[in-house]
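S.K.: Predicted model and sequence below, questions to follow.
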Amino acid sequence: MVTSESTLRSEPDYTFDFCGGQLAIDFTNTVGSRGGAPEEHLRTFGDLVAWAEARGILPRAGAARLRRAAAGRPAAARAALGRALELREALYRVIEAAAATGRPAPADLAIVNAQVRETFSRMRLSGRRTRSVSENCEHAPRLELTTEDAGTEYVADPILTPVVRAAVELLTSADIARVRTCADLSCAWLFLDTTRSRTRRWCDMKSCGNRSKVRRFRGAR
């Protein structure tokens, strides 16, 4: 397999966390300690592909195809990564603001909307290629939303397209009111609170929640 720096992972042993509970939110949570000393986990295009494969939006074969495309066009891969990171940061601020005040900054909306226009301009309804044997044939959808192949210029499309679709669905639904920011200020990750009481405070109780308990215990001594 042809490889280049752009196809490799910068942190081979790092395990991505998907505690956000929603695809677009999980994408924004690829920065560790966002509210303190940020740790970037998407340093290479290979990291971006690894995240998408781990999140389940890219099958193994699809991930391999993107790595080959990136190896053949490293400059395009670097540009695609830069575009993805710009979208991620704007998306974080838009989701956070939409959940809190309903008024995202125009500059952030402009970045997200540019990707929305690009994404949906290439979408088409087409006949379903496959149908699960478990589906009821009478009620199974006959059509599906697909994205036209735009070539290697848009090498990250198989990743960003589902992220953008998920972001649009979240931002235009009542679920936006369930988005919370982790109570650990050094974390600042977003998550979708699906609890009945809507009282979830931490992105992950095992990490941020436990750290907070330790701090309170030490402060009480």
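M.R.: Structure's in. What do you need? Numbers count the residues shown, from 1 in each chain.

S.K.: buried sites along stretch 21-38?
M.R.: 21-32, 34 (16 or more other C-beta atoms under 10 Å). C-beta coordinates here come from the backbone N, C-alpha and C atoms, glycine included.

S.K.: Between its first and last residues, what's the separation in that stretch?
M.R.: 21 Å (C-alpha to C-alpha, to the nearest Å).

S.K.: neighbouring contacts of it?
M.R.: 16-20, 39-42, 51, 55, 57, 88, 91-92, 95, 162-164, 166-167, 170, 175, 179, 184-192, 194, 203 (C-beta atoms under 8 Å, 6 or more residues apart in numbering).

S.K.: What values do phi and psi take at Arg180?
M.R.: Arg180 has phi and psi values of phi -130, psi 160 when expressed as degrees, to the nearest 10.

S.K.: wait, it sits on Ala99?
M.R.: Yes: counting by C-beta atoms under 8 Å, Ala99 is a contact partner of Arg180 at 7.5 Å.

S.K.: what is in contact with these two at once?
M.R.: Residues within reach of Arg180 and of Ala99 at once, by C-beta under 8 Å, 6+ apart, are Leu190.

S.K.: sorry, back to before: and the buried residues of stretch 21-38, which is closest to Asp47?
M.R.: Asp47 lies nearest to Thr30 out of the buried residues of stretch 21-38, by C-beta to C-beta, at 8.2 Å.

S.K.: Show me where this structure has its strands.
M.R.: 31-32, 39-40, 123-127, 143-147, 179-181, 190-192 (DSSP state E).

S.K.: Can you give the strand pairings for the last one, parallel or anti for each?
M.R.: Just to be clear, that refers to strand 190-192. strand 179-181 (antiparallel) (DSSP bridges).

S.K.: What is the helix of greatest length in the chain packed up against?
M.R.: Using DSSP state H, we find that the single longest helix of the chain is helix 74-100. Based on contacts counted as 3 or more C-beta pairs under 8 Å, 6 or more residues apart in numbering; DSSP states H and E, the elements that helix 74-100 packs against are helix 23-28, helix 45-55, helix 60-72, helix 106-121, helix 157-171, strand 179-181, strand 190-192.

S.K.: and the closest residue to Arg122 other than its chain neighbours, what is it in contact with?
M.R.: Spatial nearest neighbour of Arg122, excluding adjacent residues (C-beta to C-beta, 6 or more residues apart in numbering): Glu148 at 4.5 Å. Contacts of Glu148 were listed using C-beta under 8 Å, 6+ apart, and they are 122-124.

S.K.: Serialize the residues you listed to TSV and add fields for neighbour count and distance to Arg83.
M.R.: Supplementary listing: the contacts of Glu148 in TSV, determined by neighbours: other C-beta atoms under 10 Å; distance: C-beta to C-beta, whole Å:
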residue	neighbour count	distance to Arg83
Arg122	14	15
Met123	13	18
Arg124	10	22
